[in-house]
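> Provided below are the primary sequence and the corresponding predicted coordinates.
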Amino acid sequence: MNPQEKTENRFQMRVPPATEYTAAVHCPICTHTVQGTVVAQRRSLRVKPGQKCSRCSASLDPGYVLRYDRAA
Ligand SMILES: [Zn+2]
């Protein structure tokens, strides 16, 4: 194993490609804002698939993120 490759691996471990946050997600079905989990990947923020709206139980997949609280 060459030392250059080892350095790259350590860098990638320190900066994971995807991070989950709790955020305010807009539900397009009931038009309310509910709390959900979003996945931040690089610069884009997407709703984590497979979640349900806490108000109308619709899938939040087509919803979008209004804001998210970055972990302190
Ligand atoms: Zn809803």
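Structure received. What you are looking at is a predicted structure, and each value in this text was computed from that prediction instead of being measured.

> outside of stretch 27-37, which residues touch it?
If you take C-beta atoms under 8 Å, 6 or more residues apart in numbering as the criterion, stretch 27-37 is touched by 20-26, 47-48, 51, 53-56, 58, 60, 62-64, 66. Where you see a C-beta, it was placed from the backbone N, CA and C, and this is true even at glycine.

> ok, and of these, which contact the ion?
Near the ion, taking C-beta under 5 Å from the ion as the test, the members of the contacts of stretch 27-37 found are Cys53, Arg55, Cys56, Ala58.

> which of the contacts of stretch 27-37 count as buried?
When these are checked for burial by 16 or more other C-beta atoms under 10 Å, the buried set is Tyr21, Ala23, Val25, His26, Val47, Lys48, Gln51, Cys53, Leu60, Gly63.

> Let me see the ranges of the strands in the chain.
Using DSSP state E, the strands of the chain run over 18-26, 33-41, 44-47, 64-68.

> now, which of the buried ones among the contacts of stretch 27-37 sits nearest the ion?
Distance to the ion across the buried ones among the contacts of stretch 27-37 (C-beta to the ion) is lowest for Cys53, with 3.1 Å.
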